[in-house]
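# Okay, structure incoming, though there's no sequence with it:
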């Protein structure tokens with residue numbers, strides 16, 4: 001069973017949106033999927049970094 005997802009609303013700068021759209025397209029993902037992937041990677045790095053302190 002897939003984990004449930006929640007909808008959120010955020011405000012992003014136009015240049016950030018365009019960059020993410022471009023990167024998502026290159027990775028053959030939707031905008032939402034790509035943001036989710038990037039945020040998960042960022043959180044993983046932070047959790048790993050914090051655990052080494």
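Everything's here; your move. Owing to the predicted nature of the structure, the values given are computational and were not obtained by experimental measurement. Numbering: from 1, shown residues only.

# need the next SSE after the helix or strand where residue 17 lies, C-terminal direction.
Per DSSP states H and E: residue 17 is located in helix 14-26. Next along the chain after helix 14-26, taking DSSP H and E as the criterion, comes helix 31-51.

# about what we covered before: show residues contacting the helix holding residue 17.
With contacts defined as Cβ atoms under 8 Å, 6 or more residues apart in numbering, helix 14-26 is touched by 12, 30, 31, 33, 34, 35, 38. Every C-beta, even on glycine, is put in place using the N, C-alpha and C of the backbone.

# Test for you: state the pLDDT assigned to the nearest residue to the second one once chain neighbours are set aside.
Excluding the flanking residues, the one nearest residue 30 by Cβ to Cβ, 6 or more residues apart in numbering is residue 24, at 6.4 Å. As predicted, residue 24 sits at a pLDDT of 98.

# cool, residue 45 as well?
On pLDDT, residue 45 comes in at 90.

# likewise residue 2?
For residue 2, the pLDDT comes out at 74.
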